[in-house]
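Chemist: what's the 3D shape of this:
(one chain, ligands or ions: 1)
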Amino acid sequence: MLIINTIAELTKTVEKVKTEGKTIGFVPTMGALHDGHLSLIKRARQENDVVFVSIFVNPVQFNNQDDLIKYPRTLESDVELIGDYADYAFAPSVEEIFPTPPTEKYHFGPVEEVMEGAARPGHFNGVGVIVRRLLDWVQPDKAYFGEKDYQQIAVIRELVRQCDIKSEIVPCPIVREPNGLAMSSRNRRLTPEQFETSANIYRILVESQQLPDVPQIKAFVESEIAKIPAFKLDYFEIADDKTLQTVHSLVDADGVMGFITVYVGEVRLIDNIRYK
Ligand code: PAF
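Modeler: Residues are numbered from 1 along each chain as shown. Predicted coordinates for the structure are as follows:
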């Protein structure tokens, strides 16, 4: 695997791959890579001739500076983990991507106004800024995103639609730790005790799938989360799987999912589950 640090080198490489008539699979990441990322990269490997991965902690999608500073940066082990599966890792500096502060403003409509969009002002604009630039430079046939960040995929689909980007967006299932916790770069910040306790998030979501309708699910999840002293619920929303707008009954939409965000100490964990 070759590591690329500059946009000039990246675009030159992409041009060469395109000239050879090869297809490109792309996995954008912020590093601190784990088996969840690896599953995206392996899928990209199966479905494309050439695989690009980006490793860039994008400062403009963090609305909390402390979270940005504490975000794990592990380039050396990242490169080791993906070396056998990716052809190119694009790992630029912040100055390379943002020599001046970005001024792009996106409006993704209702899908960005709820949940993460409401809780983290500016977050999805920052995601839009970096994903648009990366897709422009890499020009992938397919770009792969994990469903843990389900709302992010909805926002990126809207970005692709608005900007007439030709890449196919491929959602990939959540990969979980043996204890059920959704894999996340943020899990590295949990103490061993917090890591074990955090498995309760998925347990509670799975148990809630047995309940008949939205009011019972909501009451159950909220009360079960409240029973665990280490948890502070940020939100639990039950929503249409396409519009991401709240539903009040399972009959209100063809597809219905639950979206949860829990603080475990200072670490903010997100997860989701399908009800229908
Ligand atoms: O999901 C992530 O890791 C990031 O939001 C992404 C898509 C790489 C953009 O920085």
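Chemist: which residues of the stretch 101-250 of the chain fall in helices?
Modeler: Remark: helices assigned in the stretch 101-250 of the chain by DSSP state H, counting those that start in this stretch are 110-113, 115-119, 123-138, 150-162, 192-208, 214-226.
Chemist: quick one: closest of those helices to the ligand.
Modeler: helix 123-138 (4.7 Å; Cβ to the nearest ligand atom). C-beta coordinates here come from the backbone N, C-alpha and C atoms, glycine included.
Chemist: same question for that closest one, mean pLDDT?
Modeler: Helix 123-138 shows a mean pLDDT of 98.
Chemist: flag every residue of the stretch 151-276 of the chain that's near the ligand.
Modeler: Within the stretch 151-276 of the chain, the positions near the ligand by Cβ under 6 Å from any ligand atom are residue 152.
Chemist: before we move on, the earlier item: could you export the helices of the stretch 101-250 of the chain as TSV, including distance to residue 62?
Modeler: TSV is the format used below for those (distance: least, Cβ to Cβ, whole Å):
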stretch	distance to residue 62
helix 110-113	16
helix 115-119	12
helix 123-138	7
helix 150-162	14
helix 192-208	21
helix 214-226	25
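Chemist: among those, which comes closest to residue 102?
Modeler: Among these, helix 123-138 comes nearest to residue 102, with 4.8 Å by Cβ to Cβ.
Chemist: helices and strands around the closest one, which ones?
Modeler: Secondary-structure packing of helix 123-138 (3 or more Cβ pairs under 8 Å, 6 or more residues apart in numbering; DSSP states H and E): helix 7-19, strand 24-29, strand 50-55, strand 88-90, helix 115-119, helix 150-162.
Chemist: show residues contacting stretch 76-89.
Modeler: Residues outside stretch 76-89 that contact it (Cβ atoms under 8 Å, 6 or more residues apart in numbering): 1-4, 10, 13, 27, 31-33, 37-38, 41-42, 44-45, 50-55.
Chemist: and the buried ones among those residues, selectable in ChimeraX?
Modeler: To isolate the buried members of the contacts of stretch 76-89 in ChimeraX, using 16 or more other Cβ atoms under 10 Å:
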select :4,10,13,27,31,32,33,37,38,41,42,44,45,50,51,52,53,54,55
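Chemist: got the contact list for the lowest-mean-pLDDT helix or strand in the chain?
Modeler: One helix or strand of the chain scores below all others by mean pLDDT, DSSP states H and E: helix 65-70, with a mean of 93. Residues from elsewhere that reach helix 65-70, judged by Cβ under 8 Å, 6+ apart: 57, 59, 62, 189, 266, 268.
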